[in-house]
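Turn this into a model:
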Amino acid sequence: MLAADITLLDISELSSFADVFIVTTADNIRQLRALNREIVDQMRQRGTRPQRVEGEAEGGWILLDYGDVIVHLLTRDQRQFYRLEDLWIEAPVLLKIQ
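Predicted coordinates for the structure are as follows:
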């Protein structure tokens, strides 16, 4: 499995730049790279390209900006360090997959 601890946060009432944050964890840089590639490929097949991509696998955090949906791909260390869910504690959790 490439992704773990997948969380979808509804930030629509808290943010003017997006409606949903997807936060997910990869066990290592190689998995992070593969997860990034898979998401971009799957979305491209559906005719959607990210408006912006920030970060690189080697940094442990890749952000894919699809407009209303922003995908955060993080290594475990980066996820524990940045604790995005704590920063957006007021955002309702739409889905959580462990």
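
buried residues in the longest helix seen in the chain?
Longest helix in the chain by number of residues (criterion: DSSP state H): helix 29-45. Using 16 or more other CB atoms under 10 Å as the test for burial, helix 29-45 gives 31-33, 35-36, 39-40, 43. In this view, the C-beta of every residue, glycine as well, is placed from N, C-alpha and C.

With pLDDT and distance to Glu90 added, can I get these in a markdown table?
Putting these into a markdown table (pLDDT from 0 to 100; distance: CB to CB, whole Å) gives the following:
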| residue | pLDDT | distance to Glu90 |
| --- | --- | --- |
| Gln31 | 95 | 30 |
| Leu32 | 96 | 28 |
| Arg33 | 96 | 32 |
| Leu35 | 95 | 27 |
| Asn36 | 97 | 28 |
| Ile39 | 96 | 26 |
| Val40 | 97 | 30 |
| Met43 | 97 | 28 |
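
Pull the number of nearby residues for Gly47.
Using other CB atoms under 10 Å, Gly47 is surrounded by 6 other residues.

Tell me how far it lies from Leu8.
For Gly47, the distance to Leu8 (CB to CB, to the nearest Å) stands at 22 Å.
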